[in-house]
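>>> Sequence first, then the predicted structure:
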Amino acid sequence: MAAAATSSVTRVVLQKATTVSLQVNPETDEWIDINDGVIVFVAFLKNASETVLPKMIKAILAAKYFRGGSIVSENKQVLLVPQATLGGRLKGKQLQYHGNINKEEGRHLYQAFVTQFEQALKEAVGDVDAVVKHGTYGNIQRMRNLSNDGPFTHVLEF
């Protein structure tokens with residue numbers, strides 16, 4: 001499943017959510033919401049490439065993360081959020097991000113991840129039933145109204 005931490009090129013955090021709102025454009029105060037689903041935070045580390053995306057997406061969609069099954073089998077809503085801070089490492093008292101991919105490569109990979117994730121979910125559950133919303137890369141993204149049915153969080157590395 002997930003590769004050893006020393007060789008990982010992406011880090012993903014899955015967080016169950018009964019409701020959550022994400023600000024995707026601070027200038028216009030635009031927010032998006034999901035209900036009864038999962039937040040997928042993703043960070044791309046150095047040496048990440050598009051070749052890792054299918055493996056990530058397959059694992060995220062197939063993981064039996066909910067009582068009844070997976071995102072696909074339970075038809076859950078998904079919120080994809082770029083989260084570069086997941087690439088941080090503590091050195092002494094300081095967090096450092098030297099292991100992160102550069103911003104332009106990260107933006108490209110995130111856009112490809114969103115496109116491929118949406119396509120895979122639509123193929124699995126159908127266009128009408130698939131709900132995938134996503135944050136914007138490189139912006140400060142505020143969350144509000146996060147509610148869940150218990151702290152249920154998992155870290156995956158690929």
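Done, it's in.

>>> Spell out the secondary structure type for Asp13.
One thing to correct before we go on: residue 13 is Val, not Asp. Using DSSP: H, G, I helix; E, B strand; the rest coil, the structure places Val13 in strand.

>>> Count the neighbours of the residue lying closest to it once chain neighbours are set aside for me.
Nearest residue to Val13, sequence neighbours excluded (Cβ to Cβ, 6 or more residues apart in numbering): Phe41, at 4.2 Å. Where you see a C-beta, it was placed from the backbone N, CA and C, and this is true even at glycine. By the criterion of other Cβ atoms under 10 Å, Phe41 has 20 neighbours.

>>> same check, this time on Asn139
13.

>>> and it, what pLDDT?
With respect to pLDDT, Asn139 scores 84.

>>> in a helix, that's where Phe113 is, yeah?
Yes: the assignment for Phe113, made by three-state DSSP, places it in a helix.

>>> right, and it touches Met56 too?
Yes: assessed by Cβ atoms under 8 Å, Phe113 is found in contact with Met56 at 7.3 Å.

>>> Find residues that contact each of the two.
Common contact partners of Phe113 and Met56 (Cβ atoms under 8 Å, 6 or more residues apart in numbering): Val42.
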